[in-house]
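> here you go, sequence then predicted model.
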Amino acid sequence: MSKAVTALGGAVNADGIAAIAEVPLQGMITLRGDLAASAVKAAAQSAAGVAVPGPGQANCTGDSGLCWMSPDELLVLCPYGDVSDHVQRMQDSLGDVHALAVDVSDARASFTVTGPHARDVMAKLAPVDFHPDAFQSGMFRRTRMAQVPVAFWMRDSDSFQIICFRSQARYVFDLLSVAAQNGSAVSIF
Amino acid sequence: MSTRLATGGRLLNRGDVIRFSFNGQTLKGVQGDTLASALLANDQMLVGRSFKYHRPRGIVAAGPEEPNALVNLGSEGAFEPNQRATTTELFEDLTATSQNHWPSLEFDVGAINAKLARFMPAGFYYKMFIHPRPLWKHVYEPFIRQAAGLGKAPKGRDADSYEHFYAHCDVLVVGGGIAGLTAAHAAAQTGARVIVLEQTAHWGGRAPVDGGTVDGLPVDKVVDDLVSALIDMPNVTLRLRTMGAGVYDHGYVLGYERLTDHAPERAGPRHRLWRIRAGHTITATGAIERPLSFAGNDVPGVMLAASVRDYAVNFGVSVGDRTVVVTNNDDAYRTAIALNDAGLTVPAILDARVLPVDSPLMAAAKTAGIRVMMGHGIARVMGSKRVTGVAVCAQAGEGAVLEEIACDAVAMSGGWSPVVHLWSHCGGKLFWDTDFAMFRPDVDKAPLGADGRAFVSPAGAANGHFGLQEILGDAHAMGQGAARATGFKPKNTAAPAGDSIEEAAMAPVWLMPQGAGKALRGKTWLDYQNDVKVSDVQLAAQEGFESVEHAKRYTTLGMATDQGKLSNINGLAILSDALDQPIPQTGTTTFRPPYTPISMGAIGGEARGDVFQPIRRTPMHDWHDENGADWEPVGQWRRPYAYVRSGETVHDAVMRETQNVRENLGLLDASTLGKLVVKGPDAGKFLDMLYTNMMSTLKPGKCRYGLMCDENGFLIDDGVVARIDDQTFLCHTTTGGAERIHAHMEEWLQTEWWDWQVYVANVTEQYAQVAVVGPNARAALEAMGGMDVSKDALGFMEWADGTLGGFDVRAYRISFSGELSYEIAVRASEGQAFWDALMAVGAALGVMPYGTEALHILRAEKGFIMIGDETDGTVIPQDLGLHWALSKKKDDYLGKRAHLRSHMADPNRWKLVGLLTEDGSVLPDGAYAVADGTNANGQRNMQGRVTSSYHSPNLGKGIAMGLVLHGPDRMGEVLAFPGTDGKTYKARIVDPVFYDPDGEKQNV
């Protein structure tokens, strides 16, 4: 629906050592349940079209995918317009299986950090080992950036996608912009 | 005088002249200088005044151990005090001023203190200012505060930016000298990820100055080759100008990188704080030379011997034409030889030792024609602002002058102390090495990690090894050991072979001459920066300060910004002697991070300006801001306190909004209220345990207000619970409570009721929620069009899903104001559009947005409690007359058992009442009601306090709520509330529901 807008209206900052851009609205579903249960796995896979990832992993292609959030929680990514249908279908297919599927698409903001120095920018804010041997495509982290919780994964070899709470979108965007200021490349990766 | 030599200076680019200013005078240095070397090249030996006696002080050292050469750098937003000239790289237009003098460096009034030194012994301030007591606060302390501190505090806002950086590696090497580079190379060859930090701008440390060969090649060439090799290895990161600041548990190490201090014109952050997780850390931090303790050892021109050599070799600077060397070891001979090679005069080497056979270095000095006087020392230094000569004495005697030698510099060496700071930060132990008279790391008692294994290793001089051969062997082994400790397999390779001149043993000399009398000891400095003398430490011992930690604090030895890098070992040797006990028994003071001071900016990192703290914004935040919002922080959220119109005060706006809600229509952004989905077969049972009232009996489609207590029975949160379906509830929390209550639920589910089938999700931010409140609320929603919001379709305390104005909504018929009220939840992404639509349809219905203060007044008019106002962590539901919300049908809920405790059931607990002033004025919030008599402490007895107080525009008078002793039984009584303004307010106890007690307005 045209009335729906992202927190920052598609903010971009390409002035620094890495490009920061707000991602358009993205469908997100929190799925809590026994990740070993076949009904839970099936519900997740049918919505995202990919296999359930292992701990610390994400299977993402475009705006669909599955991210491992905790031993009993997945984040299901799908096109924004499809969320309601997917939640309904997941609830239907889960039936009496104890699980929780809830739409959190609008509770989040999402940004990309792109460029040869993207790892530098990330490593200034999150206590994660960003060495290319240590953090690669297919991995997923729930951690913090400076003072707020975030989660992120790699879209490709020099691009990260970050999700945070919607209310903190401005803070995270400003934070990334500060971390990407000119003259601040660390160049160790 | 000190001057620039015609040749030499391996770090200089002589063609590149740099202009800088010192105390307003423009001076010239060259590229590669430090501020200290440039000052010396300009004959500016005098750089400051000492802290206590304002004695003239000159440059002593060439590195981070420098105690005297502290200057103010820069101006305005770039001003910074206490910067060490020896570690400040020179740049064009650098501006420095000296510190701690008035009116000028050359002539300082405070130097009168030096004349009074006899009357200012150790502990002077403690002794002098303890009586009479009142004088301390009003006279002494203000005076001392005025005088205290070396530099000036910056006044301007810091113009620079700073950042943090998280790095991970297998092996971290702190120190880029020959030992650090060798260790790094040995570790990196195994494939381990290695980071090397070097605090200066150059690799190699002392080795290129001190000389020697490695595998037959000159050591400076070997340093260059090692650096090239390491740069070529993809698994190695090298960082210059980055100091290892501190070592902490779990292999956590802080590095302090100075990015633009030497090049202020560069873009980017000034400092970067490296937050490193290392599998294993090698401290290759070198060693620091010790001063010798003789009278006048603080006169400008008396310097550390190796530093004198550094200035000559690295910077082509002569610190004096005639330099007397005084030593207890062979290393200082290198200085004599280097000065002699540079064409300068060394009138004598005073060696406190008596060697049976000349050592190779001594022989070399003699061959060069330098006079060597064994068994001799300095009785006293002549000169005040600059050395003019030394009086020579026998070291074994009491200081009888045998000879006076004219000179303008003294190069002293009392031996070397390994830099054990980083080794010690996390618990590495030391032992006393009698051969070298030094504390060195005890590698069998290393800092231990979580697995009980050592996670720090010292290497090279930092580990007490001084010959090149020993240093290289140790560093190679430590580098391989660190790699092995992190799971790599080193090949069986030999250490590089070092060769350096054999040195004779040093002899410990703690006082020169050893029998120095009182007068000499009173002029013999241990701590230059804090002005502590040998006599002060001896007095401390005499007065019973036997612990080194106590003596330190009593004398202030080692408490200055250099943290005693030069003074600690000499001081504790003097203390040990005074206590007649061996040095190891005295022990050291504690080594605490950071190694040298780091900037507050670096510690704060990026957290300043817009990103000082995360401000949480609702989807309608920008609209509020554009429409006059006066912001109130609620947790990390910002909520509009009121929307102030042109010409209004904030109070006016609050009154207008409060009235408009009762008369027309108000909109409140309630998005910040917490929303937790609780789902599962055991969800009802779970909520029955969490809330004091019954939730499992709630029907789908209905809402119920609930209270939450902690296990001690105190109120922690409240809110409306909506039952969505058989297994699903949506729990509203307070704005500040969403994360806390979510964590509270998860904790109980994960630790106590792990077998209950319940999942919780925090969906607070999924929804923008708007409270539509007032007599016109229903009309507004009907104007939007869509779902039926009539009384019959959506009764009080019911909810329904539907659409309004084309938006998917969930409408709750709940009220926190006593008015006809709906809270409408829409997708957060549509929140602004929905708000706009409501404002549009509301225009004809008298709509106004209202803020949190109007919300507070509206609820107070109705006697509704507010978590955080009526509760403060000590209040239970019974105190607030909320007995109706305490289920008697449930066997248990959190807080139930606690409420049975005698103090909780005490009839004397203060209870909630309404309060009305006699004259309609507003009671001061938080004021106490006084009772007759006094308590055991002589304080007035209290019988109640105000918890909320407002002016109600709808009632035209002040209204308040409070907790009062036996309050509900004392209706009509008048209480006295003394205010902080000197007035006493009288208020009558009334029912707390001031407005529409029958609820007729909300049930329409």
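Yep, it's here.

> so residue B:819 touches residue B:778, yeah?
No. Contact criterion Cβ atoms under 8 Å: residue B:819 and residue B:778 do not qualify, at 10.8 Å. No exception for glycine: its C-beta is placed from N, CA and C like everyone else's.

> how about low-confidence regions in chain B?
Scanning chain B for pLDDT under 70 picks out the ranges B:102-103, B:108-120, B:124-133, B:136-137, B:139-150.

> most remote residue from it's center?
Distance from the C-alpha centroid of chain B peaks at residue B:792, with 60.4 Å (Cα atoms, centre = their mean).

> contacts only, for residue B:790.
Residue B:790 is in contact with residue B:778, counting by Cβ atoms under 8 Å, 6 or more residues apart in numbering or on different chains.

> wait, a strand at it?
No. Read with DSSP: H, G, I helix; E, B strand; the rest coil, residue B:790 is coil and lies in no strand.

> not counting its neighbours along the chain, what's nearest residue A:4?
Nearest non-adjacent residue to residue A:4, counting by Cβ to Cβ, 6 or more residues apart in numbering or on different chains: residue B:829, 3.9 Å away.

> that neighbour reaches residue A:9, doesn't it?
No. Under the criterion of Cβ under 8 Å, residue B:829 makes no contact with residue A:9, lying 10.9 Å away.

> which one's more surrounded, those two?
Neighbours were counted for residue B:829 and for residue A:9 using other Cβ atoms under 10 Å in any protein chain shown; residue B:829 has more, 23 against 8.

> ok and the residue in chain A nearest chain B?
Closest to chain B within chain A is residue A:183: 2.5 Å, counting by Cβ to the nearest Cβ.

> so is that residue in a helix, a strand, or just coil?
Per three-state DSSP, residue A:183 ends up coil.

> ok, it to residue B:572 distance?
45 Å (Cβ to Cβ, to the nearest Å).

> who has more neighbours, these two?
Taking neighbours as other Cβ under 10 Å, residue A:183 and residue B:572 compare with residue B:572 leading, 27 against 13.

> which residues touch the more buried one?
Residue B:572 neighbours (Cβ under 8 Å, 6+ apart): B:548, B:583, B:586, B:587, B:588, B:589.

> let's see it at 7 Å
Neighbouring residues of residue B:572 by Cβ atoms under 7 Å, 6 or more residues apart in numbering or on different chains: B:548, B:583, B:586, B:588.

> between residue B:819 and residue B:778, who's got more neighbours?
Taking other Cβ under 10 Å, residue B:819 and residue B:778 do not tie; residue B:819 has more neighbours (25 against 20).

> need the three-state assignment for that one.
Three-state call for residue B:819 (three-state DSSP): coil.

> quick check: residues of chain B near chain A?
Remark: the part of chain B in contact with chain A comprises B:161, B:163-168, B:193, B:237, B:266-269, B:606-607, B:610-611, B:613-618, B:677, B:679-681, B:757, B:759, B:761, B:763, B:765-766, B:827-830, B:832-833, using Cβ under 7 Å from any Cβ of the partner chain.

> are any of the residues you listed buried, and if so which?
Among those, those buried by neighbour count (16 or more other Cβ atoms under 10 Å in any protein chain shown) are B:161, B:163-168, B:193, B:237, B:268-269, B:606-607, B:611, B:614-618, B:677, B:679-680, B:757, B:759, B:761, B:763, B:765-766, B:827-830, B:832-833.

> where does the residue in the stretch 901-1004 of chain B that chain A sits nearest to fall, phi/psi-wise?
Nearest to chain A, among the residues of the stretch 901-1004 of chain B, is residue B:948, at 27.3 Å (Cβ to the nearest Cβ). Residue B:948 has phi and psi values of phi -150, psi 140 when expressed as degrees, to the nearest 10.

> go on, residue B:911?
Taking degrees, to the nearest 10, you get phi -120, psi 160 for the backbone angles of residue B:911.

> got the domain ranges for chain A?
Domain segmentation of chain A under automatic domain parsing yields A:12-24+A:107-179, A:27-106.

> paired strands for the strand ranked longest in chain A, with orientation please.
When chain A is parsed with DSSP state E, its longest strand is strand A:148-156. As defined by DSSP bridges, the strand partners of strand A:148-156 come to strand A:140-145 (antiparallel), strand A:159-165 (antiparallel).

> ok, and for it, which residues are buried?
A:148, A:150, A:151, A:152, A:153, A:154, A:155.

> just confirm residue B:187 is within a helix.
Yes. Looking at residue B:187 with three-state DSSP, it is inside a helix.

> winner for burial among the domains of chain A?
Burial among these, expressed as mean neighbours by mean count of other Cβ atoms under 10 Å in any protein chain shown, is greatest for domain A:12-24+A:107-179, which shows a mean of 20.

> of the residues of chain B next to chain A, which belong to strands?
Assigned to strands by DSSP E, the following of the residues of chain B next to chain A qualify: B:163, B:164, B:165, B:166, B:167, B:168, B:237, B:677, B:679, B:759, B:761, B:827.

> which SSE is residue B:365 in?
Assigned by DSSP states H and E, residue B:365 belongs to helix B:360-367.

> helices and strands around that helix, which ones?
Judged by 3 or more Cβ pairs under 7 Å, 6 or more residues apart in numbering or on different chains; DSSP states H and E, helix B:360-367 is in contact with helix B:331-341, strand B:372-374.

> now mean neighbour count too, for those, in a markdown table please.
A markdown table is the format used below for the helices and strands packed on helix B:360-367 (neighbours: other Cβ atoms under 10 Å in any protein chain shown):
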| stretch | mean neighbour count |
| --- | --- |
| helix B:331-341 | 24 |
| strand B:372-374 | 17 |
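
> would you format these as TSV with distance to residue B:564 included?
TSV is the format used below for the helices and strands packed on helix B:360-367 (distance: least, Cβ to Cβ, whole Å):
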stretch	distance to residue B:564
helix B:331-341	21
strand B:372-374	31
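
> which residues touch residue B:601?
Contacts of residue B:601 were listed using Cβ under 7 Å, 6+ apart, and they are B:158, B:160, B:162, B:270, B:271.

> by neighbours, which of those wins?
Highest neighbour count within the contacts of residue B:601, by other Cβ under 10 Å: residue B:271, with 24 neighbours.

> just grab the bridge partners of it for me.
Beta-bridge partners, per DSSP bridges, of residue B:271: residue B:162, residue B:258.

> how near is it to residue B:257?
Per Cβ to Cβ, residue B:271 is found 7 Å from residue B:257.

> got it, and residue A:46?
In terms of Cβ to Cβ, residue A:46 sits 50 Å off from residue B:257.

> for residue B:700, same thing?
Per Cβ to Cβ, residue B:700 is found 60 Å from residue B:257.

> in the stretch 851-1000 of chain B, which residue sits closest to chain A?
Going by Cβ to the nearest Cβ, chain A is nearest to residue B:852 of the stretch 851-1000 of chain B, at 16.4 Å.

> where's the nearest residue to residue B:331 once chain neighbours are set aside relative to residue B:48, distance?
In this structure, residue B:331 finds its nearest non-sequential neighbour in residue B:413, 6.0 Å apart by Cβ to Cβ, 6+ apart. Note on residue B:413: its distance to residue B:48, by Cβ to Cβ, is 23 Å.
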